[in-house]
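Visitor: no sequence for this one, just the structure:
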């Protein structure tokens, strides 16, 4: 495992890229892109995360076993989000089913603004 | 070689194995942290999908200047942290201490900026409850509850980070680290970068997404 793969200059370059992304995400937030504001902001956040994880946290130069440990946390988080949203976003999708479930007190009535 | 032998704990065969074990252990801890913060991010996602208009309205009251400034401060502190690791890899203890102190100073700056921001938020009656800012939809309080909980928990992590980095600086001063053995610095750095990553996601979610809608 060699984490000396990057020079001091390389680290400063990564930092400069992170600051460019920060200015970019701030600038794009001033423009109304409708639903794409969220997409753009989160994509840039993911790009920043990857730069930090791969280079500052040296994962790119770490063993495959480390990769598995790193991925585990994120994958479990995605499973949690996925299973939860498959409930929340599909409520009311089947007419009549949703009403019966919450009337029995299993969970609060799903209210939606839209 | 005597130095390498004294740094090696008896359960390990060799230093690289010991280093790998520290790093895997830290990533295991960070996976629990991902799920710890993940619960809050999940709450944010579900409530935002239920009340998109109230969340859009509420998030326009966060102060984007402070959020952006603090992102820059934390990203820079990640740079000084990685340079601290780089210094000790080159057996430069003085450089390690210098960069650790820079990182601690930037962490403190983050907390000061956050404190000023919190004060402004409280002046604007953005604490959920009986005195909540009039004129906002009721579900806006859910957004602000999440704002205080998420940034508060993150600020707690920054505070703990200052403690960890201070311990590392003292140990470095006592001559505990060298180019051969610096696992605690490696592990402390992983924690600090994780705190930075949490903020990288809090920044767009709390400050940016509905800024222009």
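Guide: Received, thanks. Because the structure is a prediction, the values reported are computed rather than measured.
Visitor: Out of the helices and strands in chain B, which is least certain?
Guide: helix B:2-7 (a mean of 66; mean pLDDT, DSSP states H and E).
Visitor: so the residue lying closest to residue B:43 once chain neighbours are set aside is in which element?
Guide: Excluding the flanking residues, the one nearest residue B:43 by C-beta to C-beta, 6 or more residues apart in numbering or on different chains is residue B:146, at 6.2 Å. C-betas here are computed from N, CA, C, even on glycine. Per DSSP states H and E, residue B:146 falls inside helix B:140-173.
Visitor: List the buried residues of that helix.
Guide: B:140-144, B:146-147, B:150-151, B:154-155, B:157-158, B:161-162, B:164-165, B:168-169, B:171-172 (16 or more other C-beta atoms under 10 Å in any protein chain shown).
Visitor: for chain B, what spans make up the strands?
Guide: Taking DSSP state E, chain B contains no strands at all.
Visitor: Which single residue of it ends up nearest chain A?
Guide: Proximity of chain B to chain A (C-beta to the nearest C-beta) peaks at residue B:31, 3.1 Å away.
Visitor: Can you give me the neighbour number for the residue lying closest to residue B:200 once chain neighbours are set aside?
Guide: Nearest non-adjacent residue to residue B:200, counting by C-beta to C-beta, 6+ apart: residue A:48, 4.9 Å away. Counted with other C-beta atoms under 10 Å in any protein chain shown, residues neighbouring residue A:48 total 24.
Visitor: Check residue A:42 too.
Guide: Residues near residue A:42, counting by other C-beta under 10 Å: 16.
Visitor: how close does it sit to residue A:23?
Guide: 17 Å (C-beta to C-beta, to the nearest Å).
Visitor: go on, residue B:25?
Guide: 36 Å.
Visitor: Tell me if stretch B:164-171 is near chain A.
Guide: No. On the criterion C-beta under 8 Å from any C-beta of the partner chain, stretch B:164-171 is out of touch with chain A, staying 15.0 Å away.
Visitor: Run through the neighbouring helices and strands of the helix holding residue B:146.
Guide: helix B:15-50, helix B:52-59, helix B:93-123, helix B:183-203 (3 or more C-beta pairs under 8 Å, 6 or more residues apart in numbering or on different chains; DSSP states H and E).
Visitor: does the residue nearest to residue B:200 belong to a helix or a strand, and which?
Guide: helix A:36-51.
Visitor: which outside residues touch that helix?
Guide: A:14, A:17-18, A:21-22, A:24-25, A:28-29, A:31, A:33, B:75, B:197, B:200-201, B:203-205, B:208-213 (C-beta atoms under 8 Å, 6 or more residues apart in numbering or on different chains).
Visitor: Please repeat the previous calculation with a cut-off of 6 Å.
Guide: A:14, A:18, A:21, A:25, A:28, B:197, B:200-201, B:204, B:208-209 (C-beta atoms under 6 Å, 6 or more residues apart in numbering or on different chains).
Visitor: same deal with stretch B:68-85?
Guide: A:11, A:15, A:18, A:22, A:26, A:56, B:96, B:99-100, B:102-103, B:106-107, B:109-110, B:113, B:185, B:189, B:192-193, B:196, B:199, B:203.
Visitor: what's the answer for stretch B:165-183, then?
Guide: Contacts of stretch B:165-183 (C-beta under 6 Å, 6+ apart): B:3-4, B:7, B:19, B:22, B:88, B:91, B:93, B:96-97, B:100, B:103-104, B:185, B:188.
Visitor: Which pLDDT value belongs to the closest residue to chain B within chain A?
Guide: The nearest approach of chain A to chain B comes at residue A:73, 3.1 Å away (C-beta to the nearest C-beta). Looking at residue A:73, its pLDDT reads 91.
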